[in-house]
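Colleague: Any chance you could fold what I've pasted below:
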Amino acid sequence: MRHLPYCCCGHVVWGFGGICKQLGIPTAHFPEQVVDNLPADISTGIYCVSASVGSRDIHKMVVSTGWNPYFKNTKKFMESHIVHTFKENLYGEILNVAIVGYLRPEKNFDSLESLKSAIQDGIEKAKK
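Modeller: Modelled structure (predicted):
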(Lines give C-alpha, C1' and ligand atoms only; values in the text may rest on other atoms or scores of the structure.)
Protein backbone atom coordinates (compact mmCIF):
# COMPACT_ATOMS: atom_id res chain seq x y z
CA MET A 1 0.00 0.00 0.00
CA ARG A 2 1.18 3.45 -0.88
CA HIS A 3 0.96 4.83 2.68
CA LEU A 4 2.93 2.09 4.43
CA PRO A 5 4.73 2.33 6.67
CA TYR A 6 2.50 4.93 8.30
CA CYS A 7 3.32 6.30 11.75
CA CYS A 8 1.04 7.98 14.24
CA CYS A 9 0.69 8.48 17.96
CA GLY A 10 -1.92 9.54 20.46
CA HIS A 11 -3.21 9.02 23.96
CA VAL A 12 -4.94 5.72 24.68
CA VAL A 13 -8.65 6.47 25.20
CA TRP A 14 -11.76 4.47 26.11
CA GLY A 15 -13.31 2.83 23.09
CA PHE A 16 -16.82 1.71 22.33
CA GLY A 17 -16.66 -1.05 24.96
CA GLY A 18 -18.10 -3.83 22.83
CA ILE A 19 -15.23 -5.98 21.66
CA CYS A 20 -13.10 -5.82 24.83
CA LYS A 21 -15.79 -7.08 27.17
CA GLN A 22 -17.45 -9.55 24.81
CA LEU A 23 -14.29 -11.19 23.50
CA GLY A 24 -11.90 -10.78 26.41
CA ILE A 25 -9.23 -9.27 24.13
CA PRO A 26 -7.61 -6.12 25.56
CA THR A 27 -7.60 -3.23 23.14
CA ALA A 28 -6.53 0.40 23.11
CA HIS A 29 -8.30 3.08 21.10
CA PHE A 30 -6.90 6.21 19.54
CA PRO A 31 -8.71 9.53 19.97
CA GLU A 32 -10.84 10.88 17.13
CA GLN A 33 -8.16 13.39 16.08
CA VAL A 34 -5.72 10.57 15.22
CA VAL A 35 -8.37 8.71 13.23
CA ASP A 36 -9.46 11.90 11.46
CA ASN A 37 -5.82 12.52 10.40
CA LEU A 38 -5.34 9.14 8.72
CA PRO A 39 -4.67 9.51 4.99
CA ALA A 40 -8.06 9.84 3.23
CA ASP A 41 -7.35 6.95 0.88
CA ILE A 42 -5.97 4.45 3.42
CA SER A 43 -8.11 1.32 3.32
CA THR A 44 -10.18 0.28 6.29
CA GLY A 45 -9.19 -3.12 7.60
CA ILE A 46 -6.75 -4.99 9.76
CA TYR A 47 -3.03 -4.11 9.84
CA CYS A 48 0.23 -5.42 11.35
CA VAL A 49 1.91 -2.80 13.50
CA SER A 50 4.99 -2.21 15.62
CA ALA A 51 4.07 -0.22 18.71
CA SER A 52 5.33 1.18 21.96
CA VAL A 53 3.53 2.69 24.91
CA GLY A 54 5.34 5.75 26.21
CA SER A 55 9.06 4.94 26.32
CA ARG A 56 8.52 1.20 26.85
CA ASP A 57 9.78 -1.55 24.55
CA ILE A 58 8.43 -2.03 21.02
CA HIS A 59 5.85 -4.81 20.60
CA LYS A 60 3.92 -6.35 17.75
CA MET A 61 0.34 -5.24 17.44
CA VAL A 62 -2.77 -5.62 15.31
CA VAL A 63 -4.80 -2.51 14.42
CA SER A 64 -8.34 -2.43 13.12
CA THR A 65 -9.43 0.77 11.46
CA GLY A 66 -12.84 1.42 10.03
CA TRP A 67 -16.46 1.07 11.08
CA ASN A 68 -16.54 -2.38 12.74
CA PRO A 69 -19.77 -3.45 11.03
CA TYR A 70 -20.45 -6.26 13.52
CA PHE A 71 -20.95 -3.66 16.25
CA LYS A 72 -22.59 -1.16 13.85
CA ASN A 73 -20.31 1.74 14.80
CA THR A 74 -21.41 5.10 13.42
CA LYS A 75 -17.99 6.69 13.90
CA LYS A 76 -14.77 5.59 12.22
CA PHE A 77 -12.32 4.24 14.79
CA MET A 78 -8.79 2.90 15.21
CA GLU A 79 -8.58 0.07 17.74
CA SER A 80 -5.39 -1.77 18.57
CA HIS A 81 -4.44 -4.99 20.30
CA ILE A 82 -0.84 -5.06 21.52
CA VAL A 83 0.56 -8.60 21.49
CA HIS A 84 1.96 -8.18 25.00
CA THR A 85 0.50 -8.27 28.50
CA PHE A 86 0.83 -5.07 30.48
CA LYS A 87 0.26 -5.19 34.22
CA GLU A 88 -0.70 -1.54 34.44
CA ASN A 89 -3.58 0.42 32.97
CA LEU A 90 -2.58 2.14 29.69
CA TYR A 91 -5.36 4.74 29.47
CA GLY A 92 -3.90 8.21 29.04
CA GLU A 93 -0.50 6.84 27.98
CA ILE A 94 0.96 7.77 24.57
CA LEU A 95 0.70 4.93 22.05
CA ASN A 96 3.23 5.17 19.19
CA VAL A 97 2.59 2.97 16.17
CA ALA A 98 4.16 2.19 12.82
CA ILE A 99 1.65 0.46 10.54
CA VAL A 100 3.77 -1.89 8.44
CA GLY A 101 1.47 -4.38 6.70
CA TYR A 102 -2.10 -4.96 5.56
CA LEU A 103 -3.69 -8.24 6.72
CA ARG A 104 -7.26 -8.14 5.44
CA PRO A 105 -10.21 -5.88 4.67
CA GLU A 106 -12.83 -5.02 7.24
CA LYS A 107 -15.83 -7.34 7.08
CA ASN A 108 -19.14 -8.02 8.76
CA PHE A 109 -19.18 -11.31 10.68
CA ASP A 110 -22.21 -13.53 11.14
CA SER A 111 -21.37 -14.37 14.76
CA LEU A 112 -19.25 -13.25 17.66
CA GLU A 113 -17.32 -16.53 17.46
CA SER A 114 -16.35 -15.96 13.80
CA LEU A 115 -15.23 -12.42 14.70
CA LYS A 116 -13.14 -13.74 17.60
CA SER A 117 -11.59 -16.38 15.32
CA ALA A 118 -10.63 -13.72 12.74
CA ILE A 119 -9.10 -11.55 15.47
CA GLN A 120 -7.06 -14.48 16.80
CA ASP A 121 -5.90 -15.26 13.24
CA GLY A 122 -4.79 -11.63 12.82
CA ILE A 123 -2.89 -11.77 16.11
CA GLU A 124 -1.07 -14.95 15.01
CA LYS A 125 -0.12 -13.36 11.67
CA ALA A 126 1.13 -10.22 13.43
CA LYS A 127 3.34 -12.32 15.70
CA LYS A 128 5.16 -13.62 12.63
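Colleague: what stretches of the protein score poorly on pLDDT?
Modeller: Scanning the chain with the threshold set as pLDDT under 70 gives 1, 15-25, 70-71.
Colleague: Could you list every helix and strand in contact with the top helix by length along it?
Modeller: Assignment by DSSP state H gives helix 112-127 as the longest helix of the chain. When contacts are defined as 3 or more Cβ pairs under 8 Å, 6 or more residues apart in numbering; DSSP states H and E, helix 112-127 packs onto helix 18-23, strand 45-53, strand 58-66, strand 94-105. All C-beta atoms are positioned from the backbone trio N, CA, C, and that covers glycine.
Colleague: Same list, those, but as TSV with mean neighbour count and distance to residue 7 please.
Modeller: Formatted as TSV, the helices and strands packed on helix 112-127 follow (neighbours: other Cβ atoms under 10 Å; distance: least, Cβ to Cβ, whole Å):
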stretch	mean neighbour count	distance to residue 7
helix 18-23	15	24
strand 45-53	22	9
strand 58-66	20	12
strand 94-105	17	5
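Colleague: Kindly reformat these as JSON lines containing distance to residue 111.
Modeller: Shown next, in JSON lines, are the helices and strands packed on helix 112-127 (distance: least, Cβ to Cβ, whole Å):
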{"stretch": "helix 18-23", "distance to residue 111": "11"}
{"stretch": "strand 45-53", "distance to residue 111": "18"}
{"stretch": "strand 58-66", "distance to residue 111": "17"}
{"stretch": "strand 94-105", "distance to residue 111": "17"}
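Colleague: how far is the longest helix of the chain from where the chain is centred?
Modeller: Relative to its parent chain, helix 112-127 has a centroid offset of 12 Å by Cα atoms, centre = their mean, to the nearest Å.
Colleague: Quick check: buried residues in it?
Modeller: Of the residues in helix 112-127, 115-116, 118-119, 122-123, 126 count as buried by neighbour count, 16 or more other Cβ atoms under 10 Å.
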